[in-house]
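A.B. asks: pasting the sequence and the predicted model now:
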Amino acid sequence: MNIIRRVILALALSASLTPAFGQSPPPVPTLPDAERRTSYSITASTCNCNINFAIFGDSTDVGNWVQVWVNGVQVPQSGNWTITSPTGPLATIPRPITDAVLTFTTAQTGTVEIVGARRPRRLSQFGENRGVAARDLNLAITDLVAENREQWDALIRTMTAPPGDTQVPMVLPSASNRASKILGFDANGGVAIYSQVGGGTGNVTGPVSSINNDLACFNGTTGQVIKDCGTGLPLALTQGGTGQTSAATARGSSGLNIDQYTPRGDSIYTILSTDRTVGTNAAFTAARIWTLPAANSVNAGQTIVVADFAGGVSSSNTLTVQRAGSDTIVGGTTSTTAVIAISGGRLDFRSDGISKWSVATKSASTSTNLGTKTPMDYSAACDGTTDDSTALQAWLDGIKTNAFTGWIPAGRTCIFNGLLSISSGTTIYAYGATLKLKNSGNANSGLVCGPTTQLGGPVDVVNIFGGTLDGNRVNQTNSLGSGAGLYCISATRVHVRDTKSINWRVDGFYFGGTTAGGGQGKSAFVFLENLEASGNYRTGMSVVGVDRMVIIGGFFNSTSNTNNDGTQCGVDFEPDAATSANTNITVVGASASGNGGTLSTTGGSGFCVLGSPSNTQNLVLYGLNAVSNQRYGIDTFASGGPPNVRLSAMSGSGNGTALVNTSNVVDWFPTGIAAGAANSGGAGFRTVNIPN
């Protein structure tokens, strides 16, 4: 009995342990009517992506189970990706695998396509002379259907012939016969291999004979045959081309004749219909007449330019351009003529193609006829490289005495070698343009308006609007003394607006004058709006000998040097003597920051009022702002009182010593209120100091 009881207990224990050692595999799932493909979009990821279709592959050669594509490029399996299953080792877990996971060896970015690609094979058979389990049949049949589905989907992506094309040969030639050639189809629609130009050694099939460099044309309405067009490159003018091989010659007289220049000397001339620009190359000794071609001898809209390139025309030795025959000149001096009567003038004639020329005057027949001239009218390149010094001075001489308005187009950079003289009656518009000192120019000034040897006397009426004066400081080799990017001495009625003066090894701006030592007087009636001085070596702007000046707004920043010379102030009001006193000056809303460098003496402030107090009369400073200057926001008479300076609404921070410096009072605001007229009860305020 004990033996029987022990056997029963052992059998019961064995029955209780069976699920732990040999669970039945799950049923074979049905095969969905869908493409066996899974897609993902990943960024810098190894994916770890579920393969959302059943895998029937045997063994562990996963590269024969699926294909993996990243951004349309197939990625081989070896060393690039693996497949795992959380169920267990791939070699022993039941098929199909329904929880396979794809993992890349290195991170990928883009679109990932996992496509079923089961390689057909059968490494084992059902045992014979016995029944076959339903699961085994389901697995084998579903595996076959999955392979068929993969082939069916692949066939959709494969180039095929229509039904009935069974007689067409579709077999490729051998690899050696098709290498570096082009796949095509022959006249019967079969596969054919053709030689290619470049990469191969064959020739394109064409006509029996042809001429080198001739163009090839299709022949026949079906375009199947190539023939020699009978014409080569370049195309001739008669065929709609230019007959030339470069853009420059195509525009020239041998091509389209767009760019063409005819120089003429001190003589009469009959302008040809093929002329495009006709200019002087010598000074005139007498009045000359040039005759236009007939208006109907050129295309409608054609332009002919007549210009005094030599600067040889004058009010007495004029250049008259007259009509041909009975043509009319619209807008000319008369209906039959147009006249250049000033040096450097230019006339642009445009034909109606019938009987009229319309003339645009780029010159003046009298000094009261205001036109516009650019430096390019005087052959300046203004390309940022060419030295345009001579052309720029000719331009400035040509626009003086209110004869023309000077204009430098935006985006142009004109290089010069320093000291360009501005005469009376000069107006310049230069918004978006730059005048830049050439490398190693080492000039002590840029634009100069004043009694220099070139000008011979004081300058009256100068207007400069916009533009940047660039001293090219980094490419200069030495530091120079007095001078400025814009240097005006003994100049009256000067108006400068929206102009920058940067990177000079002298001052950015200088306005002044004196009666001492042969000087021709102080500057007067100076009106400055929104100027900018930045990165200059001595001072952003110096005012030394000016009467009646108004400064509105502006930025005067980053003045510094390494020689401890110059005041290194944003703006320096420093009349050195009574003969160069500053009188009746108002500054409103200007700013100065970051001024000062290696100074060990007076200077290095945003706004400096230095020199003897008696040489400054009626200086009004209102609403100034000074930030982060080496010493003071405003340094007013460090060695004396400010009885002739009125300061109010001053602001700023970060200055090295204090915001304001006055006689014996540091950082008080306002610094002082000038004495008023005597009142009935006694004198007005002399000085009131109010702490911050």
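C.D. replies: Received, thanks. Because the structure is a prediction, the values reported are computed rather than measured. Numbers count the residues shown, from 1 in each chain.
A.B. asks: low pLDDT regions in the stretch 451-600 of the chain?
C.D. replies: 452-457, 479-481, 600 (pLDDT under 70).
A.B. asks: where do the strands sit along it?
C.D. replies: Secondary structure of the stretch 451-600 of the chain (DSSP state E, counting those that start in this stretch): strands at 459-465, 468-470, 484-489, 491-497, 500-502, 507-512, 523-529, 532-534, 541-544, 546-552, 555-557, 571-573, 582-588, 591-593.
A.B. asks: do the same with the stretch 301-450 of the chain
C.D. replies: Using DSSP E, counting those that start in this stretch, strands in the stretch 301-450 of the chain cover 303-307, 319-322, 328-330, 337-340, 346-351, 356-361, 371-373, 383-387, 404-407, 413-416, 420-421, 426-429, 434-437, 447-449.
A.B. asks: can I get the strands of the stretch 451-600 of the chain in TSV with distance to Gly406?
C.D. replies: The way it works is simple: take the backbone N, C-alpha and C, and place the C-beta from them, glycine included. Listed next are those as TSV, based on distance: least, C-beta to C-beta, whole Å:
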stretch	distance to Gly406
strand 459-465	9
strand 468-470	14
strand 484-489	14
strand 491-497	14
strand 500-502	17
strand 507-512	19
strand 523-529	19
strand 532-534	21
strand 541-544	23
strand 546-552	23
strand 555-557	25
strand 571-573	27
strand 582-588	28
strand 591-593	29
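A.B. asks: now tabulate those strands in a markdown table and tack on mean neighbour count and distance to Thr105.
C.D. replies: Shown next, in a markdown table, are the strands of the stretch 451-600 of the chain (neighbours: other C-beta atoms under 10 Å; distance: least, C-beta to C-beta, whole Å):
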| stretch | mean neighbour count | distance to Thr105 |
| --- | --- | --- |
| strand 459-465 | 20 | 67 |
| strand 468-470 | 21 | 57 |
| strand 484-489 | 27 | 64 |
| strand 491-497 | 21 | 67 |
| strand 500-502 | 25 | 57 |
| strand 507-512 | 29 | 63 |
| strand 523-529 | 20 | 68 |
| strand 532-534 | 23 | 56 |
| strand 541-544 | 27 | 67 |
| strand 546-552 | 20 | 69 |
| strand 555-557 | 24 | 57 |
| strand 571-573 | 28 | 68 |
| strand 582-588 | 19 | 71 |
| strand 591-593 | 24 | 57 |
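A.B. asks: give me every residue that touches Leu183.
C.D. replies: Neighbouring residues of Leu183 by C-beta atoms under 8 Å, 6 or more residues apart in numbering: Leu172, Val191, Ala192, Ile193.
A.B. asks: before we move on, the earlier item: okay, the strands of the stretch 301-450 of the chain in CSV with distance to Phe607, mean neighbour count and mean pLDDT next?
C.D. replies: Shown next, in CSV, are the strands of the stretch 301-450 of the chain (distance: least, C-beta to C-beta, whole Å; neighbours: other C-beta atoms under 10 Å; pLDDT from 0 to 100):
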stretch, distance to Phe607, mean neighbour count, mean pLDDT
strand 303-307, 48, 21, 91
strand 319-322, 53, 22, 92
strand 328-330, 57, 17, 91
strand 337-340, 50, 23, 88
strand 346-351, 46, 22, 90
strand 356-361, 47, 19, 85
strand 371-373, 38, 17, 81
strand 383-387, 35, 13, 93
strand 404-407, 32, 22, 91
strand 413-416, 31, 23, 96
strand 420-421, 29, 20, 92
strand 426-429, 28, 22, 95
strand 434-437, 27, 23, 96
strand 447-449, 24, 26, 92
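A.B. asks: is it possible to export those strands to a markdown table including distance to Tyr269?
C.D. replies: As requested, those are exported to a markdown table (distance: least, C-beta to C-beta, whole Å):
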| stretch | distance to Tyr269 |
| --- | --- |
| strand 303-307 | 10 |
| strand 319-322 | 10 |
| strand 328-330 | 17 |
| strand 337-340 | 13 |
| strand 346-351 | 14 |
| strand 356-361 | 16 |
| strand 371-373 | 24 |
| strand 383-387 | 30 |
| strand 404-407 | 25 |
| strand 413-416 | 32 |
| strand 420-421 | 34 |
| strand 426-429 | 33 |
| strand 434-437 | 36 |
| strand 447-449 | 38 |
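A.B. asks: for Ile156, find the nearest of these.
C.D. replies: Ile156 sits nearest to strand 383-387 of all those, at 60.8 Å, using C-beta to C-beta.
A.B. asks: among the contacts of Leu183, name the ones in strands.
C.D. replies: Judged by DSSP state E, the contacts of Leu183 include Val191, Ala192, Ile193 as members of strands.
A.B. asks: pick the one among the residues you listed closest to Tyr622.
C.D. replies: Of all these, Tyr622 sits closest to Ile193, with 88.7 Å by C-beta to C-beta.
A.B. asks: residues near the closest one, how many?
C.D. replies: Neighbours of Ile193 under the rule other C-beta atoms under 10 Å: 16.
A.B. asks: if we can go back for a sec, which of the contacts of Leu183 are buried, as a ChimeraX select command?
C.D. replies: In ChimeraX, this line selects whichever of the contacts of Leu183 come out buried by 16 or more other C-beta atoms under 10 Å:
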select :192,193
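A.B. asks: turn the contacts of Leu183 into a markdown table, including pLDDT and distance to Tyr269.
C.D. replies: Rendered in a markdown table, the data for the contacts of Leu183 read as follows (pLDDT from 0 to 100; distance: C-beta to C-beta, whole Å):
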| residue | pLDDT | distance to Tyr269 |
| --- | --- | --- |
| Leu172 | 75 | 75 |
| Val191 | 75 | 72 |
| Ala192 | 76 | 68 |
| Ile193 | 78 | 68 |
